[in-house]
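**Student:** The amino acid sequence is not available; the structure is as follows:
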Ligand SMILES: NC(=O)c1ccc[n+]([C@@H]2O[C@H](COP(=O)([O-])OP(=O)(O)OC[C@H]3O[C@@H](n4cnc5c(N)ncnc54)[C@H](OP(=O)(O)O)[C@@H]3O)[C@@H](O)[C@H]2O)c1
């Protein structure tokens, strides 16, 4: 099969379209003919050599796919050849075929095309897991999302608006993305390049702070995040774009009964991911089906244009998701 491979670790130029062995589905897996996949920031980090695939997973890039079931493992009962599916994969998405655990595979609603479906599994699941299952965001509560124009955080805004319509959604963004984030329905948009977000959150919430913060900046934002976090609030850290090591005032955290949780989706055990996905199917997929949530496809590249797509992501020139179309039928 054709797949995007790495000459070695490095910049976008190391990506090339080459030949790889078509994967075989295990007994509880399905083989998917991939119609589309999408680019996630962790792909960039993996390409640079800092985020290896978990043991047993393909080392080809790509964490989510949309396509058609080509073959099913002998213990798979719920899927049949020809089903239109979207799946969370531990790797291997940038290819003509990928294997996924049957429980990590969801039916694509008839109202969605493959490009949109390729944007669901990594980003929406990440936002859903961390804001709702870990952060337990309640309707009406203030929530702070960083970098509102990115894949995970456009999904996060959609989910907050759909699942907790009265939540007060506060979003940081760079100047060029303020208008877009406002258009998604954020209640307060803070320009992180010119404003102090902790002060703005405090002002907007009458000094209470945000009940839930979804953060991927890490060290550079830890102190301000703790300042912006409400008493009893939860800060969920899903990335370290701004560094991995920082100081934390434990006494203050204790007195304010705050939780700081680190969270990754990719390396969770198979059954845990299946449980998250089944809850997601119940609570979120109906919104995708009736198009009250529509994934934001910024631009579609061909699979052999993965290098250009990675350059766009590294420049942060996208708003929403960058799709890689693998088959013409997409
Ligand atoms: N733990 C997990 O399970 C998991 C899963 C998926 C992704 N992630 C992490 O989630 C993060 C987002 O991934 P993605 O695929 O959505 O990437 P993305 O589309 O590139 O989004 C990244 C966003 O970060 C924003 N940003 C950069 N510097 C910022 C700052 N100082 N303050 C606020 N926002 C800033 C960018 O906004 P501007 O363009 O406006 O600067 C951009 O919108 C990454 O760190 C990724 O590793 C974690």
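**Tutor:** Arrived safely. As the structure is a computational prediction, the values presented were derived from the model and not from experiment. Numbering: from 1, shown residues only.
**Student:** Quick one: residues contacting the closest residue to the ligand within the stretch 1-150 of the chain.
**Tutor:** Closest contact between the stretch 1-150 of the chain and the ligand, by C-beta to the nearest ligand atom, is at residue 150 (2.1 Å). For every residue, glycine as well, the C-beta is placed using N, CA and C. By C-beta atoms under 8 Å, 6 or more residues apart in numbering, the residues touching residue 150 are 41, 316, 318.
**Student:** How about residue 24?
**Tutor:** Contacts of residue 24 (C-beta under 8 Å, 6+ apart): 31, 99.
**Student:** coming back round to it: could you list which of the contacts of residue 150 belong to helices?
**Tutor:** residue 41 (DSSP state H).
**Student:** Surely residue 281 forms part of a strand?
**Tutor:** No. With DSSP: H, G, I helix; E, B strand; the rest coil as the criterion, residue 281 is assigned helix and is not in a strand.
**Student:** Would you check how far apart it and the ligand are?
**Tutor:** 19 Å (C-beta to the nearest ligand atom, to the nearest Å).
**Student:** Neighbours of the residue lying closest to that residue once chain neighbours are set aside, how many?
**Tutor:** Leaving aside its chain neighbours, residue 281 sits nearest to residue 106 (5.7 Å; criterion: C-beta to C-beta, 6 or more residues apart in numbering). Number of residues near residue 106 (other C-beta atoms under 10 Å) recorded here: 23.
**Student:** so what's residue 106 up against?
**Tutor:** The neighbours of residue 106, taking C-beta under 8 Å, 6+ apart as the test, are 85, 86, 87, 120, 121, 277, 280, 281, 285.
**Student:** swap the cut-off to 10 Å and go again
**Tutor:** 66, 85-88, 100, 117, 120-121, 125, 277-278, 280-281, 284-285, 288 (C-beta atoms under 10 Å, 6 or more residues apart in numbering).
**Student:** ok, the residue of the stretch 1-150 of the chain closest to the ligand to residue 158 distance?
**Tutor:** Counting by C-beta to C-beta, to the nearest Å, the separation of residue 150 from residue 158 is 13 Å.
**Student:** where do the contact lists of these two overlap?
**Tutor:** With C-beta under 10 Å, 6+ apart as the test, residue 150 and residue 158 both reach 123, 320.
**Student:** Up against the ligand, what does the stretch 51-200 of the chain have?
**Tutor:** Within the stretch 51-200 of the chain, the positions near the ligand by C-beta under 6 Å from any ligand atom are 122, 126, 146-147, 149-152, 172-174, 177, 192.
**Student:** Could you work out the most separated pair of the residues you listed?
**Tutor:** Using C-beta to C-beta, those span at most 23.3 Å, a distance reached by 122 and 192.
**Student:** Which residue of the two possesses the greater neighbour count?
**Tutor:** residue 122 (29 against 22).
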